[in-house]
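Peer 1: have a look; sequence and predicted model below, questions after that.
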Amino acid sequence: MPVCFMNEGQIDVEGAMMFGVNSKSCGSPIGFFGTGLKYSVAKYLSRNHSVDIYSGKDHYKFLAVDMEFRDKSFRAVAMSLNGGEPKKLSFTTELGKTWEGWMAYRELHSNALDEKGKVELVEESKVGELVSNNEGKTLIVVRGNDVEESYRSRHQIFCSSQVLASSDSLEVRFGASKYLYYRGVRVHEVKEPFKYTYNVLGSLDLTEDRSLKYQWTVDQVIGKGVASLTDKDVIMNIITSFAREKDLSIGSLGVDDVSEQFIDAVKSLRNDSSLIKGVREWSENAGLVEVREITKLPKLWETMIKRGISFLDRGMGIDVSRYPIKVVDFGGIGKLAEAKNGCIYLDKDLFNLGTKTVTLALLEEYTHLDTGFGDETRDLQTHLFNTILSSLENLLGEPI
């Protein structure tokens with residue numbers, strides 16, 4: 001079945017086929033129709049779709065014609081007007097070669113939204129009626145499996161679910177999603193779905209195919225957006241989520257850069273072990289979580305620490321006592337040890353897990369301070385394995 005993209009006003013088709021031409025009637029367009037139309041035409045022709053544009057009563061039909069260039073075969077995009085002889089344009093079906101089918105649909109649908117038009121999947125018999133009533137309008141008709149499939153799954157390309165909370169930089173919408181949206185349009189896909197659907201309203205760097213340029217920014221863009229929300233309940237649901245939200249980061253935002261409701265939510269959850277790591281770290285740096293030092297230790301705890309230090313010294317030649325060791329109460333947030341500001345911090349709950357666990361914590365935090373390697377990094381892992389193997393070599397009295 002044909003998919004029809006309908007707008008008020010007549011498009012200058014020949015002008016739209018020129019590169020560097022982009023004119024929109026709205027102030028903040030979603031699509032980049034001057035370029036996007038050419039990409040869409042080329043992509044659909046490469047997928048054996050038919051593409052027809054009706055500007056008023058004029059009919060522009062697009063074709064792919066074979067050509068040779070430097071002994072290599074291409075399919076040039078050609079355009080005919082009202083049944084006349086097709087004329088080759090200045091691009092081939094190689095344009096947008098890396099695009100997926102839904103990206104071509106996105107451009108045409110985005111333009112319809114920008115121009116306050118509409119998109120419909122229609123019976124073939126209705127196309128003639130639309131053409132006959134097209135005076136002063138633009139009608140784009142695309143036929144093929146890809147465009148029909150994209151139309152039926154358009155809710156995954158454009159976010160349309162209910163808005164639960166929003167700020168100037170982010171909308172949180174109902175429903176789990178593995179897609180990130182920018183101003184209503186899909187720009188990125190993650191492997192693990194988010195608990196909610198996120199639509200970024202602030203600025204984002206995009207590539208030529210309108211996808212997210214820097215994938216590593218996903219967690220920080222959403223995290224900072226969440227920190228600007230004013231709905232405390234929504235915030236609390238996000239920052240305690242075990243879904244993809246668990247990797248969100250607040251970055252270097254100061255207390256004055258986040259909403260009061262976000263601060264209230266974090267304070268309410270500061271003793272909750274489900275508080276996601278990025279928010280917990282931010283709250284500690286911002287001074288929202290009070291870390292209390294325990295100066296009078298039970299004799300058992302002192303003994304466990306001494307045994308751990310002695311074992312690492314005798315077995316691995318590591319002098320953990322080079323760094324001050326402090327026992328603290330992290331507030332029940334699930335953190336058992338930390339290396340910070342030249343000190344090793346051990347949480348009181350760590351001692352419930354036995355001397356071996358205390359010794360492992362001493363080893364890991366010592367290594368952080370001694371090497372500067374971060375948590376859960378390949379450098380840290382490699383260093384620890386090398387240290388263990390070196391200790392075994394000394395024990396056995398011979399190299400590997």
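Peer 2: Happy to help now that I have it. Numbers count the residues shown, from 1 in each chain.
Peer 1: going forward, measure contacts between C-alpha atoms and count neighbours the same way
Peer 2: Noted.
Peer 1: who's in contact with the closest residue to Glu365 other than its chain neighbours?
Peer 2: When the adjacent residues along the chain are set aside, Glu365 lies closest to Ala339, with 5.1 Å between them (Cα to Cα, 6 or more residues apart in numbering). Residues near Ala339 by Cα atoms under 8 Å, 6 or more residues apart in numbering: 345, 365-366, 368-369.
Peer 1: ok, longest strand in the protein?
Peer 2: For the chain, the strand that runs over the most residues, judged by DSSP state E, is strand 58-69.
Peer 1: in stretch 348-363, what counts as buried?
Peer 2: The neighbour-count check on stretch 348-363 (16 or more other Cα atoms under 10 Å) flags 348-351, 355, 358-359, 361-363 as buried.
Peer 1: adding distance to Ile250, pLDDT and secondary structure, write the residues you listed out as TSV.
Peer 2: What follows is the buried residues of stretch 348-363, written out as TSV (distance: Cα to Cα, whole Å; pLDDT from 0 to 100; DSSP: H, G, I helix; E, B strand; the rest coil):
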residue	distance to Ile250	pLDDT	secondary structure
Lys348	27	94	helix
Asp349	27	92	helix
Leu350	27	94	helix
Phe351	31	95	helix
Thr355	35	95	helix
Val358	30	95	helix
Thr359	32	94	helix
Ala361	26	94	helix
Leu362	28	95	helix
Leu363	29	92	helix
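Peer 1: Phe174: which of those residues is nearest?
Peer 2: Within the buried residues of stretch 348-363, distances to Phe174 taken as Cα to Cα reach their minimum at Asp349, with 37.8 Å.
Peer 1: now render the contacts of Ala339 as a markdown table, adding distance to Asn394 and neighbour count.
Peer 2: As requested, the contacts of Ala339 are exported to a markdown table (distance: Cα to Cα, whole Å; neighbours: other Cα atoms under 10 Å):
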| residue | distance to Asn394 | neighbour count |
| --- | --- | --- |
| Tyr345 | 30 | 23 |
| Glu365 | 23 | 23 |
| Tyr366 | 21 | 24 |
| His368 | 23 | 18 |
| Leu369 | 24 | 18 |
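Peer 1: which of the residues you listed fall in strands?
Peer 2: Counting by DSSP E, the part of these found in strands is Tyr345.
Peer 1: for the closest residue to Pro324 other than its chain neighbours, give me phi and psi.
Peer 2: With sequence-adjacent residues excluded and distances taken as Cα to Cα, 6+ apart, Pro324 is closest to Cys343, at 5.1 Å. Note on Cys343: backbone dihedrals following degrees, to the nearest 10 are phi -120, psi 150.
Peer 1: thought Val328 was touching Cys343, still the case?
Peer 2: No - using Cα atoms under 8 Å, Cys343 makes no contact with Val328, being 11.7 Å away.
Peer 1: show me the strands in the stretch 301-400 of the chain, by range?
Peer 2: Read by DSSP state E, counting those that start in this stretch, the stretch 301-400 of the chain holds these strands, from start to end of the chain: 325-329, 337-340, 343-347.
Peer 1: and the shortest one, which strands flank it?
Peer 2: The sheet places strand 337-340 alongside strand 343-347 (antiparallel), with pairing taken from DSSP bridges.
Peer 1: give me the residues contacting the strand it pairs with.
Peer 2: Residues from elsewhere that reach strand 343-347 (Cα under 8 Å, 6+ apart): 323-330, 335-339, 361-362, 365-366, 369.
Peer 1: related to what we said a few turns ago, same for the longest strand of the chain, what does it pack against?
Peer 2: If contacts are counted by 3 or more Cα pairs under 8 Å, 6 or more residues apart in numbering; DSSP states H and E, strand 58-69 sits against helix 33-46, strand 50-55, strand 72-81.
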